[in-house]
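attaching a predicted model along with its sequence, questions to come.
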There are 2 protein chains.
Amino acid sequence: MTGGTALLTDQYELTMLDAALADGTADRRATFEVFARSLPHGRRYGVVAGTARVLESLAHFSYGDDELAALRATGALSERVLAHLADFRFAGDVVGYPEGELYFPGSPVLSVSGTFAECVLFETLVLSILNHDCAIASAAARMTTAAAGRRLIEMGSRRTHEQAAVAAARSAYLAGFDATSNLEASARYGVPTTGTSAHAFTLLHDTEEEAFRAQVAALGVGTTLLVDTYDITEGIETAVRVAGPELGAVRIDSGDLGVMAQRARHQLDSLGATNTRVVLSGDLDEHAIAGLRAEPVDAYGVGTSVVTGSGAPTAGMVYKLVEVDGRPVAKRSSSKESRGGAKSAVRRHRPTGTAVEEVVHRLDHPVGLGEHDRVVPIDLVKSGEVVAGLPSLAESRERLRANLVAIPWEGLKLSRGEPAIPTTFVP
Amino acid sequence: MTGGTALLTDQYELTMLDAALADGTADRRATFEVFARSLPHGRRYGVVAGTARVLESLAHFSYGDDELAALRATGALSERVLAHLADFRFAGDVVGYPEGELYFPGSPVLSVSGTFAECVLFETLVLSILNHDCAIASAAARMTTAAAGRRLIEMGSRRTHEQAAVAAARSAYLAGFDATSNLEASARYGVPTTGTSAHAFTLLHDTEEEAFRAQVAALGVGTTLLVDTYDITEGIETAVRVAGPELGAVRIDSGDLGVMAQRARHQLDSLGATNTRVVLSGDLDEHAIAGLRAEPVDAYGVGTSVVTGSGAPTAGMVYKLVEVDGRPVAKRSSSKESRGGAKSAVRRHRPTGTAVEEVVHRLDHPVGLGEHDRVVPIDLVKSGEVVAGLPSLAESRERLRANLVAIPWEGLKLSRGEPAIPTTFVP
C-alpha cells in the first residue's frame, strides 16, 4: 500500500503511454473530455461533485520508488516508461464544471489538456472520483428536494467501502444534507457530524430505562433516544419520564414509519414534550421521504440509499480523447459515438432566471452570451498549478441550492423523465 | 486526513461508549455478531470476502493525537471518553467465516467478543468492509459461474470510488476472476494485472494502422488490439496485417457482442490467426456473459456490473449485540428481530459432498457433527492477536471454488430463487 494516488489506475494507461513514448506520439497535444452520455434511470439532472477531490488527487499523483518498484513487478512495462514516470509532473490545464453545478447528457464536465503523455494517465482516477461522487450527490440532491426543508442526516457509512463512505458523506453534504455520522468526513472536510444511539446500547443495559438514564446523564437531555428496541409506545413514555419534556428527539428505526411518526408526535405532545423532535430512519430513499411529507417528521436518517446512489451507484461518465494537435477526433463505430473537439458550455436562462438550455459548443466555435446566460466551466488548473480561490464546500453547497431553484419545476420531479433542460450541440 | 482507520466510524459508537463508561456498563462482556437477514435480489448464496481487510484495519485502529484532536473538535465527546480512547487497544476475540466461504441468511459471518467498550467501536468499520467486499465477491462469483471457465478480467476501477476499486479487484479475484486492470491491487494484494488499449490510443494516431504498429512494436505481437474504433472488420484485417497471425487477441467493446464475436472468429480464422483470442467488453454482467456461452469468446472484460455488485452494491450485513455477560439479548420490536446468544454454525453435507443445510446454533447448545459435516467459523483473533496461518488470498479463492462445487446445482442458477441450502436455527 502506497500513500500516493498514482497506482490507483488501470495498467493500460501506462502501456499506452509506453507505446506512445516509443513512437513519438506521446508529445502530441491532447484534450480529454469527461462527460456522461445519459443520466441514469431517467433522472432529470446530475450534480457535479468530486472536482476538489480530483484536484487534490492530481497533486499527489507522482511515482516514487515504491510505485516504480510495484510497476516493475507487473512485468508489463518497459524501463523507458518507468524512467519517464519517475520524472512525471502534470503541467497541463484543467477546465471544468465547479462542484454543485448541474450537468446534463453531453455536458463537458471536465476537460484535461496537455501532452497525451500527461493527460492519459489520469483517466482511471478522474473517472473513479467523479463517477462515485457525482452518483452520490445526484441521489442526495433528490432526497434534499423530497425532504422539503426537513433535516437530513447521512448515516450510510456501514453500507459502503470505508473510504467511499467518507467521500459519500462529503457529497451528501454538498447536495444539501445537514450532517453525517462519519467522523473522518468531519476531520477531512469539515462536514458537521451528529449521532443518536444504537439498539446495542439499550440491550447492553438491564432495562431500557437504565439505558436512557445513562445516555441522558452523559449526553444531556438534548440527545436523541432510540425508542424502538422493545415497544415504541413504552419507549417514548420512558424516554420522556427519564429526560423530561426537554428531550431533544426520539428516533424510530423500524415499523410503518408514517404511522409511527403520527403516533409518536401525538404521544409526545400529550406528554408535554411538544418540542421533542421525531427522527425516522430505516431504508429511506427519496421516494419514501417524499411519501412522509404529510407526516409530523422532523428529521430523516438516510443510509444505504444515499451511499449507493439510490439505484445508480455510478454516474457513467467517460474520459474521451476529443482533440489531438488541434484536430477533433472521435470514435465512429456503433452506439458509443462521441463528438470531437475541445468544448465549453453555456447555460441559457429566461429573464426570470429559469434555465432553458445547455449549449455545448466547440472552443473554436464560440456562441453568443445573452444577458441572462453564463459560461458553465471554470478554470481549475493552469500549467499544472491549481487555480487560487476555487469554491469552498460551503460555496458549492450554495451553488447547487441556487441551481436547483433555477431549473424548470418539472426538473425536480422524482419520477423518471427527460433531462430538465435539453442539451444542444453546436457543431 | 489521518493514516489510521479509527475515524472511519460513526460518531454514535463513541457517544455510546462515552455513556457506557460513565455508568459502568462499558466493561460488561459482550458479543456482537455480523450476519445478513437475507440475500439480496433472490440470490442463492453470498460469498464472504473482506475478512483479511477487517483484521488489517483492526490492527491500525488506534487513536493518536491527530485522531483525538479531530474527535475533540466535534464537540460531541467528553474528556472521559477521549482519555479512554488514547489508551485503546482491542484485546478481545474474533471468530468468523473464512474468506471464500459461502454464507446464507442468518449465518454468523463474524463474532466479536470482549468488553462492550472494545467491541462497539468496530461496528461501522467492520460493516463497511464486509458489506462492500461481500457484495462484490457475491456478484463476481456468479459471473465466474456464467463464464464457465473462460477468462474474466475485472476492469471496473473507473466506475467506483478509487479505493473501493482496489478492494473490488481483490474481491473479484477471490471470486474467480483471472486478473484486474487495477495496479494498486497488484501492489497491495498481488492480484495479477492485465490490460489492452483504449480508443484514445487509436485516435491519437493518424491512422488505426499506425496505432496498431506502435502498440505491437512496444508490447509485442502477444498484445490485445482494440479493433472497434472505426470499423470492426477493417480493424481486424489491419490488426492481423500488422501483427501477423500470432496476434494475441482482439478486443471488441461495442455493438451486438454475440454477432461480433462470431464474425471476428470467422474472420480471424480465415486470416490464419486461429490462435488469436476474442476478448469482449462493454456492459457485461452475469446474464450477458451467460448469454454469450455459445459464442466463440475467449475472455470477458467486466466493469460496472462487478464493482457495483450487479444490482446489489451492499451486502446488507448488520452488527448486532447478541450477548451481554453471558445472557442472550435481542431487539424485539417489529420486522427487524434478531436471535440472541453467541453462535456458531455447522454445514451439513451428504456423503457425496453436497451441502444440504446450514445449522446455526448457540455456542452453549452445540450440535452433533456428522462424518461429512464441518464447523464453518474459524478463530481469527485471540486476545487481541491475529491468529497465525490464516488462509492466503489464493487459498480463499480455492476455498470458494470448492464450496461452489459442493452446493446443490440449483444454487448456481442465475435466476432469482431461494437460498441454495436452508438455514436451520437451533434454539
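Here it is on my side, so go on.

low pLDDT regions in chain A?
Low-confidence segments of chain A, defined by pLDDT under 70: A:1-3, A:333-337.

can you list the domain ranges for it.
Domain ranges of chain A: A:11-136+A:312-422, A:148-307, per automatic domain parsing.

just the buried positions in stretch A:256-263, please.
Residues of stretch A:256-263 classed as buried: A:257-258, A:260-263 (neighbour count, 16 or more other C-beta atoms under 10 Å in any protein chain shown). Every residue, glycine included, has its C-beta placed from N, CA and C.

nearest residue to A:G326 in space, please, no chain neighbours.
A:R29 (6.9 Å; C-beta to C-beta, 6 or more residues apart in numbering or on different chains).

could you measure from that neighbour over to chain B?
To chain B, A:R29 is 11 Å away according to C-beta to the nearest C-beta, to the nearest Å.

list the contacts of that residue.
A:113-116, A:323-326 (C-beta atoms under 8 Å, 6 or more residues apart in numbering or on different chains).

apply 7 Å and report the result again.
Contacts for A:R29 (C-beta atoms under 7 Å, 6 or more residues apart in numbering or on different chains) come out as A:115, A:325-326.

what's the closest of those to chain B?
A:D325 (9.5 Å; C-beta to the nearest C-beta).

between the buried residues of stretch A:256-263, which sits nearest A:A211?
Among these, A:M260 lies closest to A:A211 (C-beta to C-beta), at 19.7 Å.

which bits of the stretch 1-150 of chain A sit near chain B?
Within the stretch 1-150 of chain A, the positions lying close to chain B (C-beta under 7 Å from any C-beta of the partner chain) are A:1-2, A:7-12, A:15-16, A:18-20, A:22-23, A:25, A:28, A:30, A:70-71, A:74, A:76, A:116, A:120, A:124-125, A:127-129, A:131-132.

quick one: the strands in the stretch 51-200 of chain A, in order.
With strands called from DSSP state E, counting those that start in this stretch, the stretch 51-200 of chain A shows them at A:93-96, A:102-103, A:110-115, A:151-154, A:179-180.

now the ones you listed in JSON lines, with mean neighbour count?
Shown next, in JSON lines, are those (neighbours: other C-beta atoms under 10 Å in any protein chain shown):
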{"stretch": "strand A:93-96", "mean neighbour count": "24"}
{"stretch": "strand A:102-103", "mean neighbour count": "27"}
{"stretch": "strand A:110-115", "mean neighbour count": "22"}
{"stretch": "strand A:151-154", "mean neighbour count": "25"}
{"stretch": "strand A:179-180", "mean neighbour count": "26"}
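
would you turn the domains of chain A into JSON lines with distance to B:A147?
JSON lines is the format used below for those (distance: least, C-beta to C-beta, whole Å):
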{"stretch": "domain A:11-136+A:312-422", "distance to B:A147": "21"}
{"stretch": "domain A:148-307", "distance to B:A147": "25"}
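
A:V240: which element?
Here A:V240, judged by DSSP states H and E, is contained in helix A:232-243.

and that helix, what's buried?
For helix A:232-243, by 16+ other C-beta under 10 Å, it's A:232, A:235-240, A:242-243.

run a quick neighbour tally on the residue nearest to A:A200 when sequence neighbours are not counted.
Leaving aside its chain neighbours, A:A200 sits nearest to B:L321 (3.8 Å; criterion: C-beta to C-beta, 6+ apart). B:L321 has 25 neighbours, counted by other C-beta atoms under 10 Å in any protein chain shown.

what's the host helix or strand of B:L321 in contact with?
B:L321 belongs to strand B:317-324 when elements are defined using DSSP H and E. Here strand B:317-324 makes contact (C-beta under 7 Å, 6+ apart) with A:200, A:203-204, B:28, B:30-36, B:109, B:123, B:126-127, B:130-131, B:134, B:328-330, B:338, B:340-342.
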